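Asks: this one's structure only:
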């Protein structure tokens, strides 16, 4: 019989990742921003980052959760930037 080293740690990380993802399930919160004000947009992005970090802080050292959190933050950042650009374009068209 042989023992696979590290399997217990991996199982623990998977369980933590499952709990972390359940923390992120549903609505994170609401952010408002002025699409014409870069500082307001940046503040909204930072607010989302903080919401994500608060929900996942317990799992920050988990090697599975860390990359997922980074990807999620990037997706929200892109969404906010896209929304701001779309709103600016729409307001320019309405003039």
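Replies: Received the coordinates, thanks. In this text the structure is predicted, and so the values were computed from the model without any measurement. Residues are numbered from 1 along each chain as shown.

Asks: make it CA atoms for all contacts and neighbour counts henceforth
Replies: Fine.

Asks: Quick check: longest helix in this protein by residues?
Replies: Secondary structure of the chain per DSSP state H: the longest helix is helix 65-93.

Asks: Give the full set of residues in contact with residue 23.
Replies: Counting by CA atoms under 8 Å, 6 or more residues apart in numbering, residue 23 makes contact with 55-56.

Asks: ok, and for the longest helix of the chain, which residues are buried?
Replies: For helix 65-93, the neighbour count (16 or more other CA atoms under 10 Å) marks 65-66, 69, 72-73, 77, 80-81, 84 as buried.

Asks: Show me what that helix is packed up against.
Replies: Counting contacts by 3 or more CA pairs under 8 Å, 6 or more residues apart in numbering; DSSP states H and E, helix 65-93 packs against helix 7-24, helix 38-56.

Asks: Now that helix: average pLDDT?
Replies: Helix 65-93 shows a mean pLDDT of 91.

Asks: Kindly calculate the angle that it makes with helix 7-24.
Replies: Put simply, helix 65-93 runs at 30 degrees to helix 7-24, going by axes from the mean of the first three to the mean of the last three CA atoms, to 10 degrees.

Asks: quick check, distance from helix 65-93 to the centre of its chain.
Replies: Relative to its chain's centre, helix 65-93 lies at 11 Å (CA atoms, centre = their mean, to the nearest Å).

Asks: out of the helices and strands packed on helix 65-93, deepest packed?
Replies: With neighbours taken as mean count of other CA atoms under 10 Å, the helices and strands packed on helix 65-93 reach their highest mean count in helix 38-56, at a mean of 17.

Asks: so what does that one touch, helix or strand wise?
Replies: On a contact count with 3+ CA pairs under 8 Å, 6+ apart, helix 38-56 meets helix 7-24, helix 65-93.

Asks: okay if I get the ones you listed as TSV plus distance to residue 37?
Replies: Shown next, in TSV, are these (distance: least, CA to CA, whole Å):
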stretch	distance to residue 37
helix 7-24	28
helix 65-93	9
